[in-house]
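> For reference, the sequence and a predicted model appear below.
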Amino acid sequence: MTGFDGARGREQQVTGLLWTVMLGEKVAIDATAVFAPADAEGTVRRIQIGSGARVGAYALICGGARIGENAQVEEHTIVGKPEKGYAVGEFYPGTGAYTQIGAGVVVRAGAVIYAGVQAGPETVIGHHTLLRSFVTVGEDTQLGHSLTVERAARIGDGVRCSPGSHITSSCVLADRVFLGAGVRTVNDRELIWHEVGREPDLVPPRFERGSKVGSGSVVLAGVIIGENALVGAGSVVTRDVPAGATAYGVPARVRDRHGVRRRITHEKAALP
C-alpha cells in the first residue's frame, strides 16, 4: 500500500489527477489502483476518499465515488461503475452518478458496486458481491459473499443476507431482516423478456422488519413477509405470510408450533 498524508494528497491532485481525486489524511492506496473519473459520455465527477481509508491492489474507483473515513476497499473491487446496456425496456448509456461508501464500510475483494449505490456506515459487502445501480444499504448491515442485489433494491439497518442469494430489482428488506443462504426473490409474474408490444408488470416482494427466511427458499412476486415472521428453509412462498407467523413447505403454508396448518384470513398489505 502507498500512504498519503494531507499535503501529499493535495500534491497528487495537482500533478497527477488534475483535481479529480480528493484525498483525506493518512489514506493508503495501492500503486496498482486505478481512478476513472469520466463516464461513457465524458462527464467527469470528482472522487473523494476520506481520512484513514484504504484502497487495495487493482481496485477500480470510478467518477463520483465517495469513500468514507476508515473505509476499506479491498483488492480487485470496482466502485461506482456506470450502468451501460439494456434492462427491462430501458437502455442505460453509461452515465455515472454519485456513489457513497460510508465510514467504516468494508468492501471485500472482488465486489462490484455500480454507480448510485449508497452503503451506510459500518456495513460489510462480501467477496464477489454485486450491487447494481441505485441500491441503498443501511448501517451495520452484512451482505455475504456472491450476492446479487438488483437495481434500486432497498436494504435497511442491521440486515443479514447470507451468501449466494439473489435480491430482485426494487425489493425492500426492512431493518433487522435475516435471509439464509441461497434465497431467491422474483418480481416478474409472467417472465416477459424482449416480447414485442409487452412490458412486464414488476411487483417485487417485501420483507418487513425482523422477518427471517431460511436457506434455499424462493419468494415470488408481490409477496409480503410480515414483521417478525419466519419462513422455513426450502420453502416456495406464493402468498403473504402474516406478521409473527411461521410458514414452510412447497407451497409454504402458515402452521402452528406443532407443524399443523392453520387458516389465517388477512388483508394483503399494500406495497408503498
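Structure received.
> For the closest residue to T99 other than its chain neighbours, which residues are in contact?
Closest residue to T99 apart from its sequence neighbours, by Cβ to Cβ, 6 or more residues apart in numbering: G80 at 4.0 Å. In short, each C-beta sits where N, CA and C put it, glycine included. By Cβ atoms under 8 Å, 6 or more residues apart in numbering, the contact set of G80 is 47, 61-65, 96-97, 99, 113-115, 117.
> Restricted to strands, list these.
The members of the contacts of G80 that map onto strands under DSSP state E are 47, 61-62, 65, 99, 113-114.
> now those residues as a markdown table including pLDDT and neighbour count?
Converted to a markdown table, the ones in strands among the contacts of G80 look like this (pLDDT from 0 to 100; neighbours: other Cβ atoms under 10 Å):
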| residue | pLDDT | neighbour count |
| --- | --- | --- |
| I47 | 95 | 23 |
| I61 | 97 | 26 |
| C62 | 96 | 24 |
| A65 | 97 | 29 |
| T99 | 98 | 28 |
| I113 | 98 | 27 |
| Y114 | 97 | 25 |
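> for those residues, which one is nearest H128?
Comparing the ones in strands among the contacts of G80 against H128 with Cβ to Cβ picks out I113 as the nearest, at 11.8 Å.
> so who does the closest one touch?
Applying Cβ under 8 Å, 6+ apart, the residues contacting I113 are 77-81, 99, 101, 107, 119, 125, 131.
> How about R108?
Counting by Cβ under 8 Å, 6+ apart, R108 touches 74, 77, 124-129, 145.
> so what's it closest to, chain neighbours aside?
R108's closest residue in space is H127 (Cβ to Cβ, 6+ apart), at 4.3 Å.
> Could you report the neighbour count for the one you found?
Using other Cβ atoms under 10 Å, the number of residues around H127 comes to 17.
> wait, isn't it in contact with G164?
No. Judged on Cβ atoms under 8 Å, H127 makes no contact with G164 at a distance of 11.5 Å.
> what sits in contact with each of these two?
Common contacts of H127 and G164 (Cβ under 8 Å, 6+ apart): 145-146.
> what about stretch 193-209, start to end distance?
Start to finish, the residues bounding stretch 193-209 are 32 Å apart (Cα to Cα, to the nearest Å).
> Show residues contacting it.
Contact partners of stretch 193-209, identified using Cβ under 8 Å, 6+ apart, comprise 88-89, 153, 156, 168-177, 179, 185-192, 213, 219-229, 237, 243, 271.
> what mean pLDDT would you report for it?
In this model, stretch 193-209 has a mean pLDDT of 84.
> List the buried residues of it.
If you call a residue buried by 16 or more other Cβ atoms under 10 Å, then stretch 193-209 has these buried ones: 200, 202-209.
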